[in-house]
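Student: okay, here's the prediction I keep looking at, along with the sequence it came from:
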Amino acid sequence: LVNTGWVGGPYGTGNRCSLKYTRQLIDAIHDGTLKAMPDSEWEEMPIFGLKMPKNGIKEVPREILRPQDAWVKSGRTAEDFAKTAKNLATLFQKNFT
């Protein structure tokens, strides 16, 4: 899953994920960078169970790859992120069950 949407806050308050970063992530998929990373370099994201890298990939900053970190860096709280993530998970469950 590659984030091409909003980072650093909910829609309208954060920013679109830069195309430069999206390209870097796609390159990392194609050139094997991500596949070569050991399990110890990944961490599971609560609620969604997605694997996130513990550090930046190529020129992509760590906080772009870790949504909660991006929210905190932009002045929001970890609690704001958790509340929004839980709401999003609920919407996914309603739409796909």
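Tutor: On my side now, so go ahead. Values in this document were obtained by computation on a predicted structure and should not be read as measured data. Numbers count the residues shown, from 1 in each chain.

Student: for the chain, what spans make up the strands?
Tutor: Assignment of strands within the chain using DSSP state E yields the ranges 6-7, 15-16, 42-44, 51-53.

Student: hey, which helix is longest across the protein?
Tutor: The longest helix of the chain (DSSP state H) is helix 78-96.

Student: quick check: mean pLDDT of it?
Tutor: Mean pLDDT, computed over helix 78-96, is 94.

Student: closest one to K73 among the strands of the chain?
Tutor: K73 sits nearest to strand 6-7 of all those, at 9.4 Å, using C-beta to C-beta. Quick note: C-beta positions are derived from backbone N, CA and C, even for glycine.

Student: and that closest one, average pLDDT?
Tutor: Rounded to a whole number, the mean pLDDT of strand 6-7 is 85.

Student: circling back: other residues contacting the longest helix of the chain?
Tutor: Identification of contacts with helix 78-96 by C-beta atoms under 8 Å, 6 or more residues apart in numbering yields 10, 46-48, 67-68, 71-72.

Student: quick check: which of those has the minimum pLDDT.
Tutor: Within the contacts of helix 78-96, pLDDT is lowest for P10, at 84.

Student: how close does that residue sit to N95?
Tutor: Here the criterion is C-beta to C-beta, to the nearest Å. By it, P10 lies 18 Å from N95.

Student: more neighbours, those two?
Tutor: Ranked by neighbour count (other C-beta atoms under 10 Å), P10 and N95 place P10 first, with 14 against 7.

Student: what residues does the more buried one make contact with?
Tutor: If you count contacts by C-beta under 8 Å, 6+ apart, P10 has them with T84.

Student: thinking again about what came up before, which of the contacts of helix 78-96 are buried? Put it as a PyMOL command.
Tutor: Per 16 or more other C-beta atoms under 10 Å, the buried members of the contacts of helix 78-96 correspond to this PyMOL selection:
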select buried, resi 67+68+71+72
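
Student: which one of the contacts of helix 78-96 sits closest to I26?
Tutor: Using C-beta to C-beta, P67 comes nearest to I26 of the contacts of helix 78-96, at 18.7 Å.

Student: gap between the longest helix of the chain and the chain center?
Tutor: 14 Å (C-alpha atoms, centre = their mean, to the nearest Å).
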